[in-house]
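> here is my input, please return the structure:
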Amino acid sequence: MGVYKRNNKLWISFTYMEIQCREPIGLDDTAANREEASLMCNQIKRQIRAGSFDYSKWFPESKNLVKFGYKKKEKEQTTIYENPTVEELADEWLENCKKRGKKRKTLISYSDYRNRTVKILGKKRIRDLKIRDLDHFIEKLLDAGYDPKTIKNTRLCLSQIYKLALKKEIVNKNLMSECEGVSIKNKKIYPFNDDEVDKILEHIEKNKPKFYAMFKVLLLTGMRVGEVLAMKWENYNRENGTYFVCESVSLGEIGPPKTQGSIRKVKLITSVVKALNYHYDNFRVEGSKFIFNTQYGTHYNKAENIKKNVWIPTLKKLGIEYRIMYQCRHTYASISIAEGDTPAFVARNLGHTSLKMVYDVYVKDIRDGNRSNLENRF
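Next up is the predicted model:
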């Protein structure tokens, strides 16, 4: 079991059910990525040993799946319509997405895009659509008050429907390529400032100590809420102060993180390590592999009760303007950049494979550095 290079990309090799398996992980061959790949190997090894390894979750597109009894994906529906309606093609497109094993959360979003599209264009025949119909479609979405990102995603849905029509030779052109798009500005972020972070953590430590480590992680690591709820002791390395993010809670279920790039090793500052160690000594639930557990000893499958019983009352008591818990992630990035952490360091902790978002959203004053300057602050 190990890590090796092929065409300057990293692959991992492991034995499963007495069969030698080799899989690409999509990372360039760098020292940091090799370390991350090694962590993935160790995680797979633990799961194989525990009998919990699911090949299809780790490598959903692998050709090896058939060897281990996973059913081959069914071929896409090939129903032929002479000139189908947008609704008929939208339903077929959504069904194909289900067959390809798209995540539940993704399918829910796709279903929303499908419904918005069908509401406006559903009864129209795909071959009869004109550019003016598509412009009218965008105008209707704007009039309905949808934000630009939602409109863009809905527009992409219609483009996918056109691609299906092209594949079935119903149309010979994707008209969406000629339809004017909607410009998307970066979403405004509302991070907490240094003093607010201090007050929030101090209040929670004093009044809700069981949640102190959780909010220390949320505010000072950049991990997503779902990733924090899914944290396990086996992925925490207290010796070198790191946490290996490989799972997340989404819609009540534990699965892989948001993207492949979100599987990462997060460097923890000393105060976060101390908080997690204190949590282990005082609030660890015997027999649970999860770091954070409910009052019933089970892991959290959503953040609603934490928001209701800890987050909202804390901000209200401190007189701090309410923000959703996701702003903790923005807070980490903003403070780290302000303290002089490099965009590369911040992007890696956030789980971004590109620096673009960090530059576009957070970077104002960049100084050199290759370790977290939050050490000096928190």
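> okay, and the beta partners of the residue lying closest to residue 67 once chain neighbours are set aside?
Nearest-residue entry for residue 67: residue 19, 6.4 Å, with adjacent residues in sequence omitted and distances by Cβ to Cβ, 6 or more residues apart in numbering. C-beta here means a position set from N, CA and C on the backbone, and glycine is covered the same way. Beta-bridge partners recorded for residue 19 (DSSP bridges): residue 16.
> now do the strands in the protein.
Residue ranges of the strands in the chain, as given by DSSP state E, are 2-6, 9-16, 19-28, 236-237, 242-245, 248-250, 253-255, 264-267.
> out of those strands, the one nearest residue 274 is which?
Using Cβ to Cβ as the measure, strand 236-237 is the one of the strands of the chain that comes nearest residue 274, at 12.8 Å.
> the nearest residue to residue 174 once chain neighbours are set aside: what's it in contact with?
Spatially, and ignoring its direct neighbours in sequence, residue 174 is nearest to residue 162 (4.2 Å; Cβ to Cβ, 6+ apart). Residue 162 sits next to 126, 171, 174-176 when contact means Cβ atoms under 8 Å, 6 or more residues apart in numbering.
> which pLDDT value belongs to residue 162?
With respect to pLDDT, residue 162 has a value of 90.
> what's the answer for residue 295, then?
pLDDT at residue 295 comes out at 90.
> kindly report the same for residue 165.
In this model, residue 165 is scored at 89, pLDDT.
> count of neighbours near it?
Other residues within reach of residue 165 by the criterion other Cβ atoms under 10 Å amount to 25.
> mind listing what it touches?
With contact taken as Cβ under 8 Å, 6+ apart, residue 165 is in contact with 84, 89, 126-127, 171.
> low-confidence stretches in this protein?
Low-confidence regions of the chain, defined by pLDDT under 70, span residues 1, 70-81, 180-187, 251, 258, 353-354, 356-357, 359-378.
> please point out which parts of stretch 221-239 sit buried.
With burial defined by 16 or more other Cβ atoms under 10 Å, the residues of stretch 221-239 counted as buried are 221-232, 235-236.
> against residue 53, how distant is the residue of the chain positioned farthest from its centre?
Relative to the centre of the chain, the most outlying C-alpha is that of residue 82, 39.7 Å out, by Cα atoms, centre = their mean. Using Cβ to Cβ, to the nearest Å, residue 82 is found at 48 Å from residue 53.
> the stretch 101-250 of the chain: helices as residue ranges?
Shown for the stretch 101-250 of the chain, the helices assigned by DSSP state H, counting those that start in this stretch span residues 104-121, 131-143, 148-167, 194-207, 212-221, 225-229.
> nearest to residue 14, out of the ones you listed?
Ranking these by their distance to residue 14 (criterion: Cβ to Cβ) puts helix 225-229 first, at 23.9 Å.
> show residues contacting that closest one.
214, 217-218, 245, 247-250, 257, 262, 292, 299-303, 325-326, 328-329.
> what's the spacing between that helix and its chain's center?
Centre-to-centre, helix 225-229 and its host chain are 10 Å apart (Cα atoms, centre = their mean, to the nearest Å).
> sorry, back to before: reformat the strands of the chain as a markdown table; add distance to residue 342.
Below are these laid out as a markdown table (distance: least, Cβ to Cβ, whole Å):
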| stretch | distance to residue 342 |
| --- | --- |
| strand 2-6 | 25 |
| strand 9-16 | 23 |
| strand 19-28 | 18 |
| strand 236-237 | 22 |
| strand 242-245 | 18 |
| strand 248-250 | 25 |
| strand 253-255 | 31 |
| strand 264-267 | 12 |
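> excluding its backbone neighbours, what's nearest residue 300?
The shortest distance from residue 300 to any residue that is not its chain neighbour, by Cβ to Cβ, 6+ apart, is 4.5 Å, and that residue is residue 229.
> I meant residue 127, not that one.
Spatial nearest neighbour of residue 127, excluding adjacent residues (Cβ to Cβ, 6+ apart): residue 83 at 4.6 Å.
> enumerate every residue touching that neighbour.
Residue 83 makes contact with 125-128, 170 under the criterion Cβ under 8 Å, 6+ apart.
> for those, which one is nearest residue 312?
residue 126 (47.2 Å).
> contacting residues around the closest one?
Neighbour list for residue 126: 83-86, 89, 161-162, 165, 170-171 [criterion: Cβ under 8 Å, 6+ apart].
> for ChimeraX, what selects the buried ones among the residues you listed?
Here the buried members of those are turned into a ChimeraX selection, burial being counted by 16+ other Cβ under 10 Å:
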select :84,85,86,89,161,162,165,170,171
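> need the contacts of residue 126 in CSV (columns: distance to residue 67).
Rendered in CSV, the data for these read as follows (distance: Cβ to Cβ, whole Å):
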residue, distance to residue 67
83, 43
84, 38
85, 42
86, 40
89, 35
161, 35
162, 37
165, 36
170, 37
171, 39
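> ok, the contacts of residue 126 vs residue 314, which is closest?
Closest approach to residue 314 among the contacts of residue 126 (Cβ to Cβ): residue 161, at 45.6 Å.
> contacting residues for the closest residue to the closest one other than its chain neighbours?
Of all residues beyond its chain neighbours, the one nearest residue 161 is residue 89 (4.8 Å), with distances taken as Cβ to Cβ, 6+ apart. Each residue near residue 89 by Cβ under 8 Å, 6+ apart is listed here: 81, 126, 161, 164-165.
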